[in-house]
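S.K.: pasting the sequence and the predicted model now:
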Amino acid sequence: MQQNVSMEQLISLCKRRGFIFPGSEIYGGLANAWDFGPLGVALKNNIKRSWWQTFVEERDDIYGLDAALLMNRKVWQASGHESTFSDPLVECKNCHARVRADILLAEAELNKKGGVATLILPADPETQKELLMNEKIKCPSCDIVDWSSPKQFNLMLKTFLGPAEEEANMVYFRPETAQAIFVDFKQIVDTYAPKLPFGIAQIGKAFRNEITPGNFIFRTREFEQMEIEYFIKDSEKWNEHFEIWLKEMNGWMASIGIDMQKVHNLDVPKEELAHYSKRTVDVEFEFPFGRKELFGLAYRGDFDLQSHQKGSGQKLEYFDEETKERMVPHVIEPSMGVERMMLAILASAFREDPLEATPSEASEQEKRIWLDLPMRMAPYKAAVFPLLSNKPELVEKAQEVRKVLQGSWPGFFPVVFDKSGNIGKRYRRQDEIGTPYCFTVDFQTLEDDTITVRDRDTMKQERIAIAHARAFLEEKMKAR
């Protein structure tokens, strides 16, 4: 069921229910810095856990890695990031604000047409500047149309190791997780002797000094990546591997609740490909602010391993025991951001029932807002309520039921206990955070050990025995 949602609705829900908070808010905040609250952490962990289980634990050809955030500066010199990892910026000649021309052009087109931005932007920064002037696009700070020629701005965040802030001690916070995988390639090969094709996977933080971050958690300076480098023989049919990865990543997105009707595969035109890539697909999603990249899949050839082989002087080769051949493998890279995936899930799951379809289970007449999250993505798998919070016997029994439903490791389910407000308001709170089932302990429970369970999606209720409640959740977890 497709339903449109605005960014204002998503941001309001995220702050109101404890998914995402503005960073450093009591000190006035920090632009585009976001803290993930209890429910946000739970949703992020569910996304990462699902990805890791699907692409690492359930396979025998992928090896996990968790590398350091800070790496030797020579890594970024060899990879080309220090010299080329930059964005072209234009400067307003009136107020000297610096912005990315491509983003200004895309936003202007979106505002002009409404809906999905489809403009194919010219890659040349000077042409972008000419478009800004010809389209009379105003500076977002002062509303003047007077732009300078573009200048390159390096996106890596610098810091210093040791007490002296001097050139010799300068390092970078990694702008991506991929390079650590290439640098540790030899360690994995020497330790595990994997057979080609095989992959190395990592989930971790990356940092980019974006000049124009925005759209909530879509583009931030600090973010998490889920990334795989899949190594293949250069003689193999790389396009077959490429298509398999595209299918598998799209299949995984569907399984975690992404609305696949809003997903589009865009082959990057040859003239816009990186010099080392034969093919790149940007998988885009129709976010509330327009159609933007959700994740990327690229065939990178052997560029990265060759670069680090040259930069380090180390042999980063693979020896094939069967053919007795030494080679530098080629790479296919599926790469995605956790925060963008989370935003796409929330946008896909947001529902608002019309007023006439909302039952009178809440005291006030209002539309029901709820998240249609798959059960394994929901922060809580169930909620347990005592019918009345001022009856100790009901509260005590409800806590017992919660322990039964939660279980223990390794079969633990996160279950929340809630006794605040009337039962209708409690249902609404759980609906808004995507809790699939609510169990209510009432006076009949004290007599026959049965409880009422309410389904989030249908709002229908049924009565089941407490003894069967855990099995009920386990069965639903398999189905949802």
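M.R.: Structure's in. What do you need?
S.K.: distance-wise, check the closest residue to residue 62 other than its chain neighbours relative to residue 467.
M.R.: Using C-beta to C-beta, 6 or more residues apart in numbering and skipping residues adjacent in sequence, the residue nearest residue 62 is residue 199, 4.4 Å away. Where you see a C-beta, it was placed from the backbone N, CA and C, and this is true even at glycine. Residue 199 is 45 Å from residue 467, where distance means C-beta to C-beta, to the nearest Å.
S.K.: same question for residue 301.
M.R.: 59 Å.
S.K.: ok, now residue 145?
M.R.: Counting by C-beta to C-beta - residue 145 and residue 467 are separated by 72 Å.
S.K.: can you find the helix or strand in the chain with the smallest mean pLDDT?
M.R.: Counting by mean pLDDT, DSSP states H and E, the chain has its least confident helix or strand at helix 101-113, which shows a mean of 72.
S.K.: now the element after that helix, going C-ward?
M.R.: Next along the chain after helix 101-113, taking DSSP states H and E as the criterion, comes helix 125-134.
S.K.: can you pull the buried residues of the helix or strand following that following helix?
M.R.: Counting by DSSP H and E, the element after helix 125-134 in chain order, helix or strand, is strand 151-154. For strand 151-154, burial by neighbour count (16 or more other C-beta atoms under 10 Å) applies to residue 154.
S.K.: and the most centrally placed residue in the chain, how far from residue 80?
M.R.: In the chain, the centroid-proximal residue (C-alpha atoms, centre = their mean) is residue 338; its distance is 2.2 Å. As judged by C-beta to C-beta, residue 338 and residue 80 stand 25 Å apart.
S.K.: with residue 470 instead?
M.R.: Counting by C-beta to C-beta, the separation of residue 470 from residue 80 is 54 Å.
S.K.: now residue 34
M.R.: In terms of C-beta to C-beta, residue 34 sits 30 Å off from residue 80.
S.K.: what about these two, which has more around it?
M.R.: residue 34 (20 against 16; other C-beta atoms under 10 Å).
S.K.: spit out the contact partners of the residue nearest to the centre of the chain.
M.R.: 44, 47, 48, 203, 223, 224, 225, 226 (C-beta atoms under 8 Å, 6 or more residues apart in numbering).
S.K.: do that again at 7 Å, thanks
M.R.: Contacts of residue 338 were listed using C-beta atoms under 7 Å, 6 or more residues apart in numbering, and they are 44, 47, 48, 224, 226.
S.K.: cool, residue 210 as well?
M.R.: Residues counted as contacts of residue 210 (C-beta under 7 Å, 6+ apart) are 155, 219, 221.
S.K.: one more time with 8 Å, if that's ok
M.R.: Per C-beta under 8 Å, 6+ apart, neighbours of residue 210: 32, 87, 155, 219, 220, 221.
S.K.: residue 220 now?
M.R.: Residue 220 makes contacts with 32, 33, 34, 210, 213, 339, as judged by C-beta under 8 Å, 6+ apart.
S.K.: which residue is the nearest non-sequential neighbour of residue 302?
M.R.: In this structure, residue 302 finds its nearest non-sequential neighbour in residue 328, 4.6 Å apart by C-beta to C-beta, 6+ apart.
S.K.: count of neighbours near that neighbour?
M.R.: Neighbour number of residue 328 under other C-beta under 10 Å is 19.
S.K.: wait, doesn't it sit right on residue 304?
M.R.: No: if you go by C-beta atoms under 8 Å, residue 328 and residue 304 don't touch, sitting 9.7 Å apart.
S.K.: now do the end-to-end distance for stretch 448-458.
M.R.: 26 Å (C-alpha to C-alpha, to the nearest Å).
S.K.: what does it contact?
M.R.: By C-beta under 8 Å, 6+ apart, the list of residues contacting stretch 448-458 from outside reads 370, 372, 401, 427, 430-431, 434-442, 444-445, 460-467, 469, 472.
S.K.: phi, psi for the residue nearest to the centre of the chain please.
M.R.: Reported as degrees, to the nearest 10, the phi and psi values for residue 338 are phi -60, psi -40.
S.K.: I'd like to know how far it sits from residue 282.
M.R.: For residue 338, the distance to residue 282 equals 18 Å [C-beta to C-beta].
S.K.: and for residue 324?
M.R.: Distance, residue 324 to residue 282, by C-beta to C-beta: 40 Å.
S.K.: between the two, point out the one with more neighbours.
M.R.: Higher neighbour count among residue 324 and residue 282: residue 282, with 17 against 7, using other C-beta under 10 Å.
S.K.: after the host helix or strand of the more buried one, heading C-terminal, what element do we hit next?
M.R.: Assigned by DSSP H and E, residue 282 falls within strand 279-287. Note on strand 279-287: by DSSP H and E, the next helix or strand toward the C-terminus is strand 290-301.
S.K.: using CSV, write out every CA atom in that following strand.
M.R.: Taking only C-alpha atoms (Å, rounded to 0.1, in the frame of the first residue of the first chain), the coordinates of strand 290-301 have been written out as CSV:
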residue,chain,number,x,y,z
GLY,A,290,12.6,13.7,-4.6
ARG,A,291,14.2,10.7,-6.2
LYS,A,292,17.7,10.3,-4.9
GLU,A,293,20.4,7.6,-4.6
LEU,A,294,19.8,5.0,-2.0
PHE,A,295,22.8,2.8,-2.7
GLY,A,296,25.4,2.1,-5.4
LEU,A,297,26.7,-0.9,-7.2
ALA,A,298,30.0,-0.5,-9.1
TYR,A,299,32.4,-2.7,-11.0
ARG,A,300,35.8,-1.1,-10.0
GLY,A,301,38.1,-3.4,-11.9
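S.K.: next one: residue 11 from residue 259, what distance?
M.R.: For residue 11 relative to residue 259 (C-beta to C-beta), the value is 19 Å.
S.K.: domains of this protein?
M.R.: As recorded under automatic domain parsing, the domains making up the chain are 7-71+170-346, 86-154, 358-479.
S.K.: what's the lengthiest helix in the chain in contact with?
M.R.: When the chain is parsed with DSSP state H, its longest helix is helix 238-255. With contact meaning C-beta under 8 Å, 6+ apart, helix 238-255 is reached by 50-51, 54-55, 197, 230, 232, 260, 263, 265, 278-279, 281, 283, 294-295, 297, 299, 330, 332, 334, 336, 341, 344, 374.
S.K.: again, but for stretch 126-134
M.R.: 88, 90, 101-102, 104-105, 121-122, 137, 145, 147-150.
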